[in-house]
Every structure is written in structure tokens, then in C-alpha cells.
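> 3D model of this:
(one chain, ligands or ions: 2)
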Amino acid sequence: MGFIEAIFGAGAIVMKAIRTVNQVTKNYIARVVNEISQERAKENQATPIPTPITVNIQIDIKNINLEETELEKKRARDGLLKRTELEKLQELKKQREDKFEQWQKAKTQEVVVEQVKNPDRYETSFLNNDEVHILQFHMGQVVLEKQCGCGRPMFLQHKNRPDSSLLMLNDFFWSCIGYYNHANTQCRGTQNFSTQDIGLMHKANVFELKLSNAELSQSFTPKNIQITVVDRVRQHLKVENSDVLCPIHHVPMVLREKRNHSDVVIDMFYLQCPHFGCQQLVKLKSAAQIAAFLHSKEGRGIL
Ligand SMILES: [Zn+2]
Ligand SMILES: [Zn+2]
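Numbering: from 1, shown residues only. Ligands and ions are numbered 1, 2, ... in the order given. Below you'll find the predicted structure:
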């Protein structure tokens, strides 16, 4: 899609080859809408059905996962499954992938339509090393329109800094959602995150994104602010976050608190896939990610 690098599910767009803000505001919406509506027109000719909405598809995906879980529990209990049951399991996985593909298309449309209807609610930031938290704010979110060589979507990751210094733009990279799959469905595809001429159009009502990365870190240091934030985050334990989906099961992850933690807020919480036996998780290990989580739940971040 032209100069769109990726779309984050909660409504931000990563744009490449952007040199001025003007260029973005003038061209971007018209081009995106045009590209998407052409694509939809082609699809609708082939299958003349109304575009299903994301919420309904998400319910279908959950139901498929429930059926799958029953079989997986049976296998865990009995040690094996009949051939027909194994075939059923394969069929369910295929159904889930098909549904997830539908979901991505519907979600892309939803995000774009929302931006077209309410351009005042969005603003564009240019990404550089002082703005890394803007990217971090979107970590873990489902990513649309960014494809791996194998055709599957990708998600954003970053390397860890053992000295816990602030992240740099070139610490980030894209990774195939098949990265953690087993055997024949696994794909270890990764791509570097471009660090040149990158813009991010994001919601304008997030106070944390108006600060620099260093300012955000400093403002989150006082103990009293951290205590309040911990109390607020805890209110949402065991609740789903629909912006963050398991890369394998495509269901919303659920907030959990670590059993042993050092009482530091960026080491306490994580989101985990609720699917039976699934190990996938996203740690909330930065002020920006905690802010994003609270913002999605309460409409207000950490400050
Ligand atoms: Zn791949
Ligand atoms: Zn999962």
C-alpha cells in the first residue's frame, strides 16, 4: 500500500518516505481511501456480501478456539486423538486463519474510516530517537498492512537493552506472527524497522505522546505517581485488551500480574493469551506501554 508502512489496530498509521507534515495531511487520506475502496470493489464483485464487522468476526474466532480447546484438553487427558479428531483440529485452525484474514480487512477499513471521519482527532509525529516512546506506546498491538515474505502479518518487537538505557529507533524490528508457531507453520521472518523519514499518525488526545521520551521517563519516576498507576492498572486484572491479539490464536490477550516482582510498575504486569496452554505474552515494561494500556481502558494514560 503506497507509502503506508503499517497500521496499528488501535488506530495509528506508520508512514514511510515522509519529509514534511504537509505532504502527509494533503495526500495521505485521499490515497488510502482510494486504494482501499478499489480493493473492496474488486472483492465485492467476487463475493457480494456486506463486510462483516470486526466484533462479530472476533466472536467467531473465539468460538473456533473453544472447539479447539476441547480437543486439545482431550489430547492432554487421553494422550492421543482419533484420526477424525486430528482432522477436525486441522480444519479449525484453517477456519481461524480465514476468519483472521477477514478480520484484518474489516479492521483496516474501520481504522481508515474513523480517521477520515474525524481528522481532528489525529496528529502526525516524525519518529526519531527522542520520540521512541511513541512507537513503544503501540507495542504489542495487532499490526495491519505489514506483510512478511510468507504472506502473513508481522508485529513490532524491540531488542532489549541490558543496561536499561532508553531505546533507540534502530532497536525496533518487525517479526512474522508465525515466529512462535510450531514446526511446519513456523516462520522466522524479520524485517528492520526503517529509521529514515518515518512518520506516525496517532490519536491526538494522548498527553504522553506530546512529551519527549526522556520527559516521559522523568515524569513517571515519582513514587506517588507509580503507586496511583499500579492501583489503576490492577482494576483491570483478568480483563481483555482488544488491541493486543495472540499472534497464534488471534484472540485478545488478558491482563495479569507477575507473581514475583520487584514492586516496580514496569516489571509487574503483562498480557497473556487466554487459550489453553498458550505461552504467548506481551510484557508491559515501559511507561509508554502502561500509558497505552490505561488509555485504551480508561481514556487517560499515566499522567
Ligand atoms: Zn513469515
Ligand atoms: Zn495464544
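
> interface residues of the stretch 101-250 of the chain facing ligand 2?
Counting by C-beta under 5 Å from the ion, the stretch 101-250 of the chain comes close to ligand 2 at 246, 248-249. Backbone N, C-alpha and C define where each C-beta goes, glycine included.

> Would you reformat the residues you listed as TSV and include pLDDT and secondary structure?
Shown next, in TSV, are these (pLDDT from 0 to 100; DSSP: H, G, I helix; E, B strand; the rest coil):
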residue	pLDDT	secondary structure
246	93	coil
248	90	coil
249	94	coil
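
> quick one: terminal-to-terminal distance for stretch 193-200?
Chord length of stretch 193-200, first to last residue, is 13 Å (C-alpha to C-alpha, to the nearest Å).

> what about it, distance to the chain center?
Distance, stretch centre to chain centre, for stretch 193-200: 18 Å (C-alpha atoms, centre = their mean, to the nearest Å).

> Could you list the contact residues of the stretch 1-150 of the chain toward ligand 1?
Contact residues (C-beta under 5 Å from the ion) of the stretch 1-150 of the chain with ligand 1: 148, 150.

> before we move on, the earlier item: just the residues of the stretch 101-250 of the chain next to ligand 2 now: which is nearest ligand 1?
Using C-beta to the ion, residue 248 is the member of those that lies nearest ligand 1, at 13.0 Å.

> give the contact list for that closest one.
If you count contacts by C-beta atoms under 8 Å, 6 or more residues apart in numbering, residue 248 has them with 177, 180-181, 273, 275, 278, 280.

> Out of those, which is nearest to ligand 1?
Nearest to ligand 1, judged by C-beta to the ion, of those is residue 177 at 7.5 Å.

> where along the protein do the helices fall?
Along the chain, counting by DSSP state H, helices occupy 21-46, 54-78, 83-117, 132-136, 213-219, 223-234, 287-298.

> need the ones you listed in a markdown table with mean neighbour count and mean pLDDT, can you?
Output for those, formatted as a markdown table (neighbours: other C-beta atoms under 10 Å; pLDDT from 0 to 100):
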| stretch | mean neighbour count | mean pLDDT |
| --- | --- | --- |
| helix 21-46 | 13 | 61 |
| helix 54-78 | 16 | 95 |
| helix 83-117 | 16 | 91 |
| helix 132-136 | 24 | 92 |
| helix 213-219 | 16 | 90 |
| helix 223-234 | 14 | 94 |
| helix 287-298 | 23 | 94 |
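
> so which of the ones you listed gets nearest residue 185?
Closest to residue 185 of the helices of the chain, according to C-beta to C-beta: helix 83-117, at 8.3 Å.

> what's the angle from that closest one to helix 54-78?
Angle, helix 83-117 to helix 54-78, by axes from the mean of the first three to the mean of the last three C-alpha atoms, to 10 degrees: 150 degrees.

> hang on, residue 282 packs against residue 270?
Yes. Counting by C-beta atoms under 8 Å, residue 282 touches residue 270, with 6.4 Å between them.

> neighbour-wise, which of the two wins?
Set side by side, residue 282 and residue 270 show more neighbours around residue 282, with 23 against 18, by other C-beta atoms under 10 Å.

> Contacts only, for the more buried one.
Contacts of residue 282 by C-beta under 8 Å, 6+ apart are 139-140, 244, 253, 270-271.

> rerun at 7 Å
Neighbouring residues of residue 282 by C-beta atoms under 7 Å, 6 or more residues apart in numbering: 140, 244, 253, 270-271.

> what does residue 71 give?
For residue 71, the contacting residues are 81, 85, 88-89, by C-beta under 7 Å, 6+ apart.

> and which of these is nearest ligand 1?
Distance to ligand 1 across these (C-beta to the ion) is lowest for residue 89, with 22.0 Å.

> quick one: that closest one and residue 72, what's the gap?
8 Å (C-beta to C-beta, to the nearest Å).

> same thing with residue 104?
25 Å.

> Name the residues of stretch 124-142 that are buried.
Across stretch 124-142, burial judged by 16 or more other C-beta atoms under 10 Å covers 124-127, 131-142.

> what about it, how long is it end to end?
End to end - C-alpha to C-alpha - stretch 124-142 spans 20 Å.

> can you tell me which of the contacts of residue 248 are in strands?
With strands defined by DSSP state E, no entry of the contacts of residue 248 lies inside them.

> could you flag which of those residues are buried?
Neighbour-count burial (16+ other C-beta under 10 Å) applied to the contacts of residue 248 gives 177, 180, 273, 275, 278.
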